[in-house]
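**Q** Quick one, what's the 3D model for this:
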Amino acid sequence: MFLFCLTSFATHNRAGEITYEHVEGYKYKFTILTYTYTPSLANAQRDYLLVSWGDGTLSEVERIIQESLPDDYDRNTYVGYHTFPGPGTFEVIMSDPNRNLGVENIPNSVNVVFSIKTILLINPEIGNNSTPVLTNPPVDWAAVGQIFIHNPAAFDPDGDSLSYKLGICLGESGENIPGYEYPEASTSLYVNSINGDLVWDAPVEPGIYNIAMFIEEWRRGIKIGKIVRDMQIEVKSTNNKPPIIEPLEDTCVLEGTLLEIPVYASDPDGGMITLSAFGGPLLLSDSPALFPVSEGDGTLVDTFVWQTVCAHVRKNPYQVVFKVKDDGTCPTCDEDNRVSLVDQKNLNITVVGPAPENLVLTPTSTSIFVDWDQSSCDKAVGYFIYRRISYYGFVPEHCETGVPAYTGYTLVATVDSLINTSYLDNNNGIGLPQGYEYCYMVTAFYPDGAESYASEEICTDLVKGIPTITNVDVIETDPVEGIINVIWSKPTEFDTLLAPGPYRYLIYRSEGYWGESLVLIDSLENYETDTTYLDSALNTFENPYSYKIEFWNVNDTLRFLIGSPHVASSVFINLVPDDNAVIININKNVPWIDTAYVIYRKNNLSMAFDSIGTTPLIQFRDSVLQNGEEYCYKVKTAGGYDDPMFVYPIINNSQISCCIPADTTAPCKPQLFVTSLCDSMANRLTWTNPNHYCCDDVVSYKIYYKPVFTAAFTFLTAIMNVNDTLYFHYPENTIAGCYVVTAVDSFNNESAFSNWVCVDECTYYVLPNVFTPNGDGINDLYKPGPYKYVDHVEMKIFDRWGILVYETTNPDINWDGSYMKNGKMVTTGVYYYICDVYENRLTGIIPRNLVGFIHIFAEEKTNNE
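**A** Predicted coordinates for the structure are as follows:
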């Protein structure tokens, strides 16, 4: 039954929140907690609440628990189940007319609807989700002039990341309450976005205040849900001083550790204190933490005890909130100003998985077999294999999980199985280059992305059983008669019993860097001495060349490939003309490491190449040149392998290339700012002038626009005055959209796009809450205020019994106050509506769900009317 009254039971809701648990498929279990004023008669009447599910439906949710708390609080637990039609984002809203009387920061609070909501995202790619549980009830009092701290002690059973915001309390339709103001603070009022502490420093005036906290869930960088906790704080004047908990240090433990942490609390007034704890570890079904509520006179110490196990390993830390509450007494307190105050301290505990053990490496000429023991924690679902060249000596610090980037290790493989404990590293099928010491570490990973400590660091060399290229040196630059010298190191560790010889080198060549089209060009018979090849008749002027050397056993009965090294290419430079400069880009593909590049420029007087600089980078800018003159360059590279068995340094030369400088450099991009002017139905664009900070020849701007996020940007307009950095855009179909701006210089070079700015802030569809269909010609049709950018609506109006009275898809609505089935006029009373407004938004036509009440004042017409 859908029945409510605004006057009979109008002063009881103090706080509340909505949480949910995934059941199966699209079915969820919802729990609504409300904290109400105990003496209110409304408590006895609230056996159910009406909930809008955000999918166009609503239903009653039954109260299953009503329990009394101190200080005139009742906690009411309502539980209901709902199955959604499919994937989507749903705003689940509970609205109740009965907000508490006398809230200082909500105008006329007794007549303001009390609303709480949670946002549910159903997305198969994200996975199933349950909201965090808010374990610390919002029932504490505050004192004038003293810091008040509250933490919801949120525990996410899925291990998702949480963030916190201070918000505005919600009224009708789950919208912000008009005229709402944050409580006054002597210093500040804020919510710590990371740990969830609501800090009010400090209340100024006694009274009742309501604030909202937003608890947002994140998974893989995507926001997947939000809870709105509306909570009431009663502030009183008192001489009582709050109790104190000594500071606690966050900690990190290896799973299996018995954690014992003493917690010290005291009361400066020497009163009776109660110490308790809230948070995820105390709720776990498998080896939960222990911290029973304890009491003491003046001072108190108790121990938090937690036997961690494998099941506790997760990426995000567990938060425990310790709370001490005094009895409100103090030497100068009387009954009129006796107020129980609290102190809270947070403790974050990270439980880490064990490192894989007994790492073993088995090398070949081109690959390494990595093997380790299965993780002792069976919650792990796989392993990460990390590799670097040369030993680092990494030993993880306390709570330093995974393999940090500063070690130079890179992730080379993922094994998606707990029981698969080996990996063949052949560099994705192309083989590992010779000449290096390869080092490995392995970690275990868990379903939520948690990573264990790293294994011991183990290193090995490859078996030297194949030739290793050391030089691909351009000797002559020419379109037809170019020459390249190729040199390699002979193999020394191959099995002569399996390959008794004789041996042969096969030499392959390809245009390009990567050996895309290798062709056999020659062969050499003496593997001991024939380790150099001079390749001629090449177009080294236009092309780089890459080479591969195969090592074969070629006797009459055993002809097979023993092995071949990595492809190695010549050094090839690309020159890019710039304004009074030339940019030299150095390109190559070699298995050794080059550490220095010597840049040479041709002296047009002596015709010799002079060294003009050395760089460790593969790009060099030669500036202070003359536009229109030709400059020629070549580059010498220097580097080598780590293995001292190979020649060092390895020197190679590029081809010779020439270039004429010219201004082709685009100017710096502007910085764009966009604000929606909802009343004017315009977007205001402003941007920075690049001439003020990085260049001096910008002469105009171009603005690009797209009405929806998925569209491509199209040209909107040009601003020809460089000093004009303001533009107003009046879109036709939607105020939403995305913008970028570019700068154009005097040579018509256009900058890159500025930062994207997308706006989607304005809503133009508001429904009235009063309707008088009495035939007086005034307000006889129920319709919205002036609106724009609405495609259609799905409007449903219900009477006090939950019977559908009227529905329409017309945005104008134009309801005359009659039942749509029989045409009879409705009677005076309060009606409820659900309206999905389909608006042109940034991501297309998107529904916005409105729920609320309509107060109808109707006079019955006489029979002759």
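**Q** now the helix or strand where Trp306 lies, how far from the chain's geometric center?
**A** Trp306 belongs to strand 299-307 when assigned by DSSP states H and E. Its chain's C-alpha centre and that of strand 299-307 lie 36 Å apart, by CA atoms, centre = their mean, to the nearest Å.
**Q** buried stuff in that strand?
**A** Leu300, Asp302, Phe304, Trp306 (16 or more other CB atoms under 10 Å). For every residue, glycine as well, the C-beta is placed using N, CA and C.
**Q** now swap in stretch 229-238 and tell me
**A** Arg229, Asp230, Met231, Gln232, Ile233, Glu234, Val235, Lys236, Thr238.
**Q** measure Val342 to Glu234 for me?
**A** 13 Å (CB to CB, to the nearest Å).
**Q** Downstream of the longest strand anywhere in the chain, the next helix or strand is which one?
**A** Secondary structure of the chain per DSSP state E: the longest strand is strand 222-236. Scanning forward in sequence from strand 222-236 by DSSP H and E, the next helix or strand is strand 244-245.
**Q** Name the residues that touch the helix or strand following that following strand?
**A** Next along the chain after strand 244-245, taking DSSP H and E as the criterion, comes strand 251-254. The contact list for strand 251-254 (CB atoms under 8 Å, 6 or more residues apart in numbering) reads 259, 261, 308, 347-354, 398-399, 453.
**Q** from those residues, which single one is nearest Gly279?
**A** Leu347 (8.1 Å; CB to CB).
**Q** What residue, apart from its backbone neighbours, is nearest His566 spatially?
**A** The shortest distance from His566 to any non-neighbouring residue, by CB to CB, 6 or more residues apart in numbering, is to Pro591 (4.0 Å).
**Q** on that earlier part again, give the rounded mean pLDDT of the strand holding Trp306.
**A** Mean pLDDT, computed over strand 299-307, is 97.
**Q** what packs against it?
**A** Judged by 3 or more CB pairs under 8 Å, 6 or more residues apart in numbering; DSSP states H and E, strand 299-307 is in contact with strand 258-266, strand 272-279, strand 318-326.
**Q** Buried deepest among these, which one?
**A** When neighbours are counted by mean count of other CB atoms under 10 Å, the highest per-stretch mean among those falls to strand 318-326, a mean of 24.
**Q** what's the next secondary structure element after it?
**A** Downstream of strand 318-326, the next assigned helix or strand under DSSP H and E is strand 342-352.
**Q** That following strand pairs with which strands?
**A** strand 251-254 (parallel), strand 318-326 (antiparallel) (DSSP bridges).
**Q** can I get those strands in a markdown table with distance to Val412?
**A** Shown next, in a markdown table, are the strands paired with strand 342-352 (distance: least, CB to CB, whole Å):
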| stretch | distance to Val412 |
| --- | --- |
| strand 251-254 | 26 |
| strand 318-326 | 32 |
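**Q** Out of those strands, the one nearest Asp373 is which?
**A** Minimum separation from Asp373 across the strands paired with strand 342-352 (CB to CB) falls at strand 251-254, 16.5 Å.
**Q** Out of the strands paired with strand 342-352, which is closest to Phe715?
**A** Of the strands paired with strand 342-352, nearest to Phe715 by CB to CB is strand 318-326, at 50.8 Å.
**Q** ok, back up a step: out of the strands paired with strand 342-352, which gets nearest to Tyr164?
**A** It's strand 318-326; of the strands paired with strand 342-352, that one is closest to Tyr164 (CB to CB) at 11.3 Å.
**Q** Next, the angle from the closest one to strand 299-307.
**A** 160 degrees (axes from the mean of the first three to the mean of the last three CA atoms, to 10 degrees).
**Q** and the angle for strand 318-326 with strand 258-266?
**A** Going by the same axes, to 10 degrees, strand 318-326 makes 30 degrees with strand 258-266.
**Q** and strand 318-326 with strand 272-279, angle?
**A** 160 degrees.
**Q** Below-threshold pLDDT in this protein: ranges please.
**A** Counting by pLDDT under 70, the chain contains low-confidence residues at 1-11, 39-45, 859-865.
**Q** distance of Lys548 from Asp594?
**A** 19 Å.
**Q** actually Gln307, not the one I typed
**A** For Gln307, the distance to Asp594 - CB to CB - is 55 Å.
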